[in-house]
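>>> got a structure for you, letters missing:
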């Protein structure tokens, strides 16, 4: 059964808990990834178009998390805007995100030198295509020594958010 967009962050949080990870205290990145993959297999109500549901993995240092090294798993949703003239309405974009922050470590000190700050959005359909895309994303992350080291580390903090994007 599809989940409402407004409940997407709570749905991800519940899934994290089922995988033994408190949303605000993730200690196992692999378990968090498994929970994220499970969350991505659930339909969200009101997705606007075929490519209105995508996912991305991002990494780097951002001022909103005290410039700590971070790894983020996000789901971007384009949902129907129910207000205004239906002929001219545009979708609303929302991002559900799990952000994992790490302590400084020489293993990922040069995270900014990777060349890519993320995997790019993937919009494969839920089911076998999305499962294959998630496996490819994981292979990409694990092929980079800095990201693989973060994967094996324990985050110092984590958070699940739902925010309007663009």
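Received, thanks. Source: prediction; values computed, not measured. Numbering: from 1, shown residues only.

>>> average pLDDT for stretch 17-37?
Mean per-residue pLDDT for stretch 17-37: 97.

>>> Could you do stretch 156-166 as well?
93.

>>> what's it in contact with?
Outside stretch 156-166, the residues that touch it by Cβ atoms under 8 Å, 6 or more residues apart in numbering are 6, 8-9, 12-13, 16, 23-26, 32, 68, 76, 92-103. Where C-beta positions appear, they are placed from N, C-alpha and C, glycine not excepted.

>>> Out of those, which sit inside strands?
Of the positions in the contacts of stretch 156-166, 76, 92, 93, 94, 95, 96, 97, 98, 99, 100, 101 sit in strands, assigned by DSSP state E.

>>> just to revisit the earlier point, drop anything exposed from the contacts of stretch 156-166.
Taking 16 or more other Cβ atoms under 10 Å as the criterion, what is buried in the contacts of stretch 156-166 is 8-9, 12-13, 16, 23, 26, 32, 68, 76, 92, 94-102.

>>> What segments of this structure are helices?
Here the chain has its helices, by DSSP state H, at 8-18, 29-40, 128-143, 145-152.

>>> Residue 65 is in contact with residue 102, isn't it?
No. At 10.0 Å, residue 65 does not count as touching residue 102 under the criterion of Cβ atoms under 8 Å.

>>> quick one on the thing from earlier: what is the most widely separated pair among the ones in strands among the contacts of stretch 156-166?
Using Cβ to Cβ, the two most remote members of the ones in strands among the contacts of stretch 156-166 are 92 and 101, lying 27.7 Å apart.

>>> what's near enough to touch the residue nearest to residue 77 when sequence neighbours are not counted?
Spatial nearest neighbour of residue 77, chain neighbours left out: residue 94 (4.8 Å); criterion: Cβ to Cβ, 6 or more residues apart in numbering. Residue 94 makes contact with 5, 8, 76, 77, 79, 162, 163, 164, 165, according to Cβ under 8 Å, 6+ apart.

>>> Turn these into TSV, including distance to residue 150.
As requested, those are exported to TSV (distance: Cβ to Cβ, whole Å):
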residue	distance to residue 150
5	29
8	25
76	22
77	26
79	31
162	24
163	23
164	28
165	24
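
>>> Please indicate which of those are buried?
Listed as buried from the contacts of residue 94 are 5, 8, 76, 77, 79, 162; burial here means 16+ other Cβ under 10 Å.
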